[in-house]
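1. quick one, structure for this:
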Amino acid sequence: MNDPGLHEPANEAAQDAEDKVQNDDKKEDKQAEDEEDEYLDPSRWWFASTASPLLAGTFGPMANAFSICALVEKWRVYIPPGSDEAHGIKIEDPKWLIAVNSISLVLALVANIALLLNMSRRLSFAIAQPITIIGFYLASFLLIALVAVASTSVFRIQPLQEHALGQAYYYGIMAAGVYFIISSLMVFTALGAYQGHYPKEFRLTPSQRTLMLQTIGFMVYLLLGALVFSTVENWNFLDGVFWADFTLLTVGLGGEFVPKSHTGRGLLFPYAIGGLVMIGLVIGSIRSLILEHGKQKMAARFVENKREKVLSSIDDESRTIRLGPFETIKFSQKGLSESQRREQEFRVMRRVQELSQRKRRWIALAISTAAALLLWFLGALVFMFSEKPQGFSYFVSLYFAYTTLLTIGYGDFTVNSNAGKAFFVFWSMLAVPTLTILISNMGDTVIKEFKDFTIWIGSLTVLPDEAGLGTSLKVGIKRMTHGKMHEEEEDYRKATSGASEQRNLDRLAGHIEEAELGEAEEAGEHGDYLERDIHFYHFVLAKEIRKLMKDVDASPARQYKYQEWQFYLRLIGQDENDASGHRKPATKQQKNGSDSPDIGTADDGDTVAWSWLGIRSPLMGNQSEAQWLLERLGATLEAEMRKMSSPDAKKRKEPPPISMAELKRKGKNQSSKEGNMLQKEVGSSEARRRGHNAV
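-> Below is the predicted model of the structure:
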């Protein structure tokens with residue numbers, strides 16, 4: 001029945017839906033291009049957009065804490081005869097010094113609050129950035145001026161032998177330096193944003209925000225603990241900060257600063273446990289951030305550089321491709337079917353990923369090792385000069401720094417000078433992220449290699465492998481020679497495209513066995529086989545989406561075999577046997593608007609061809625393979641639902657990329673045992689349906 005009152009509005013609604021689909025497709029294409037531009041963007045702009053604000057938000061509260069330490073105590077110390085600077089008498093500071101110091105602290109707090117409000121998107125980028133940059137710079141310059149004046153003879157007590165500078169002076173130096181670095185980083189961030197390299201907003205993840213909040217919480221916890229214990233144990237406040245630092249970081253230097261009252265020892269129980277929990281949370285956040293962003297960005301650059309080198313090494317005369325200094329394999333497309341040619345590209349790209357990841361891991365280990373050694377050697381140098389009254393040699397300083405970094409804390413050597421105590425607090429806090437990153441990188445390289453070597457030795461000796469001694473020896477030789485690619489090539493020569501196709505048909509037949517597919521079979525009973533195939537296609541999409549959801553959060557991220565990719569690409573309408581959607585890989589990426597665009601990943605549209613070795617490869621990008629597939633299958637299912645409500649009858653009747661009829665036909669044509677089993681699967685599904693209907 002055609003109701004004239006409803007027919008026209010229905011058509012208008014359908015047309016609106018079509019327009020919305022086209023607009024959504026344009027937005028998705030733009031988003032995909034933006035994501036890939038971010039993936040291929042130089043690392044310096046990633047550092048400016050993400051790392052710089054993260055460092056500013058993390059170290060800003062630390063610098064604020066140092067400013068508080070520089071304000072609450074005196075900058076000058078009088079040393080009585082027979083005493084030392086650690087036990088000297090504090091001299092009142094001039095009022096102008098206190099006033100300028102207070103202004104510096106207020107400016108830094110305002111700058112830090114503006115930065116945090118901007119990160120939480122409660123204050124716009126255009127307003128927050130000038131406040132943050134100017135505030136931190138002014139705070140730094142004011143402290144630098146105070147430090148410069150305090151270093152002159154005008155500020156000192158005469159005679160000079162009876163004069164020393166207090167811990168507050170050195171905390172002022174460190175706060176000024178950190179403020180200057182933070183403001184410079186934010187200038188770098190603002191410059192990249194106004195040049196259009198990334199949006200004028202911080203897209204920080206929950207883990208990044210959590211790290212900043214944990215840092216703020218830890219600094220507040222440390223200062224409050226220092227205040228309480230310095231009052232209970234009758235210490236100076238900054239000595240309490242020194243004690244709280246080596247206590248919470250489990251260094252345990254001991255010496256003069258240990259709780260001696262019953263109240264102090266009783267309060268230590270909850271305070272130390274709370275500090276350990278907070279340090280553990282900070283370490284966990286740092287490690288997750290390194291795994292989440294730093295490794296991802298490094299891996300992206302290494303994969304792209306390796307891909308370009310590999311493509312430029314293709315030798316058409318010898319039909320080879322060079323994967324490394326000692327690894328050259330055959331790479332010929334002559335006599336191969338389209339599916340075999342694509343599988344060959346896929347295997348080369350997988351090897352590019354493996355070699356790039358291995359190089360990235362070892363370079364990351366080298367960088368983090370160099371940073372840890374620099375922290376050790378430079379820290380020892382500072383301790384040697386600051387502890388000259390104790391007679392610290394450089395070797396003794398190295399020994400002290402080493403036992404401190406590893407939290408051994410024998411306590412046979414400790415710092416007593418005002419400069420040494422203040423520097424120790426800052427230095428030990430820097431050691432937390434430095435050693436966390438080092439240990440994380442060691443876990444990916446040295447520790448992993450040692451674990452694999454131990455298991456292999458065990459399989460040859462006390463714990464023999466089930467496969468036998470010969471197999472274990474072969475595995476060890478392949479690992480040493482890195483012959484995995486050659487092993488896969490051997491398997492590839494033995495495999496045929498027919499076998500790959502058969503495995504995918506078996507997978508589809510499994511879906512028929514899982515359920516009766518009532519709507520599809522009911523349509524088939526009435527002779528509407530196209531409707532049956534559409535229902536079957538939607539059912540398969542939904543089932544595969546459910547399977548992929550289990551792989552999204554897998555750690556390490558799951559990598560799919562070529563046959564699995566072949567199956568999934570077929571589901572989104574991209575047949576690996578169809579050369580029309582394929583192209584030869586471009587060595588260099590093309591910019592937007594070029595005649596031959598080669599950016600982005602393999603899209604679910606049909607406008608741009610791609611290669612497994614090109615920049616549009618699904619194996620290149622910030623998404624994991626499971627995320628990529630889940631997003632495309634979800635978009636395909638959504639497009640199918642929209643197609644069903646389209647006013648265009650021709651569009652509604654477009655055949656799906658898979659069909660039950662195809663399974664039956666190809667099952668009959670297969671001469672293998674698996675092919676006969678496939679035909680039985682389809683037939684048994686229909687037999688069960690008929691029996692059910694008869695009942």
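
2. what's the nearest residue to Thr215 if we skip its chain neighbours?
-> Thr58 (4.9 Å; CB to CB, 6 or more residues apart in numbering). Placement of C-beta: from N, CA and C, glycine included.

3. just Thr320 next, same as before
-> Thr328 (5.2 Å).

4. just say helix, strand or coil for that neighbour.
-> strand (DSSP: H, G, I helix; E, B strand; the rest coil).

5. for the one 4 residues further on, same thing?
-> For Ser332, the assignment made with three-state DSSP gives coil.

6. what sits against it?
-> Contacts for Ser332 (CB atoms under 8 Å, 6 or more residues apart in numbering) come out as Arg319.

7. if we go to 10 Å?
-> Ser332 makes contact with 316, 318-321, 341, 344 under the criterion CB atoms under 10 Å, 6 or more residues apart in numbering.

8. repeat for Ile545
-> 571, 629-630, 633-634, 636-637.

9. now name the helix or strand holding it.
-> helix 529-551 (DSSP states H and E).

10. output that helix in PDB with nothing but the alpha carbons.
-> C-alpha atoms of helix 529-551 as PDB (Å, rounded to 0.1, in the frame of the first residue of the first chain):
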ATOM      1  CA  TYR A 529      19.200 -16.800  -3.000                       C
ATOM      2  CA  LEU A 530      20.600 -13.200  -3.100                       C
ATOM      3  CA  GLU A 531      18.700 -12.300   0.100                       C
ATOM      4  CA  ARG A 532      20.100 -15.600   1.600                       C
ATOM      5  CA  ASP A 533      23.700 -14.600   0.700                       C
ATOM      6  CA  ILE A 534      23.300 -11.100   2.100                       C
ATOM      7  CA  HIS A 535      22.000 -12.500   5.500                       C
ATOM      8  CA  PHE A 536      24.900 -15.000   5.500                       C
ATOM      9  CA  TYR A 537      27.400 -12.200   4.800                       C
ATOM     10  CA  HIS A 538      26.100 -10.100   7.600                       C
ATOM     11  CA  PHE A 539      26.200 -13.100  10.000                       C
ATOM     12  CA  VAL A 540      29.900 -13.800   9.100                       C
ATOM     13  CA  LEU A 541      30.800 -10.100   9.600                       C
ATOM     14  CA  ALA A 542      29.200 -10.100  13.000                       C
ATOM     15  CA  LYS A 543      30.900 -13.300  14.100                       C
ATOM     16  CA  GLU A 544      34.300 -12.200  12.900                       C
ATOM     17  CA  ILE A 545      34.000  -8.900  14.700                       C
ATOM     18  CA  ARG A 546      33.300 -10.700  17.900                       C
ATOM     19  CA  LYS A 547      36.500 -12.800  17.400                       C
ATOM     20  CA  LEU A 548      38.600  -9.700  16.600                       C
ATOM     21  CA  MET A 549      37.400  -8.000  19.800                       C
ATOM     22  CA  LYS A 550      39.300 -10.600  21.800                       C
ATOM     23  CA  ASP A 551      42.600  -9.800  20.000                       C
END
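
11. outline the domain layout of this structure.
-> 44-204, 304-446, 447-489, 496-694 (automatic domain parsing).

12. save those domains as a markdown table, and put in mean pLDDT too.
-> Converted to a markdown table, the domains of the chain look like this (pLDDT from 0 to 100):
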| stretch | mean pLDDT |
| --- | --- |
| domain 44-204 | 88 |
| domain 304-446 | 89 |
| domain 447-489 | 61 |
| domain 496-694 | 69 |
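
13. distance to Phe269 added to the ones you listed, as JSON lines?
-> Shown next, in JSON lines, are the domains of the chain (distance: least, CB to CB, whole Å):
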{"stretch": "domain 44-204", "distance to Phe269": "24"}
{"stretch": "domain 304-446", "distance to Phe269": "19"}
{"stretch": "domain 447-489", "distance to Phe269": "34"}
{"stretch": "domain 496-694", "distance to Phe269": "36"}
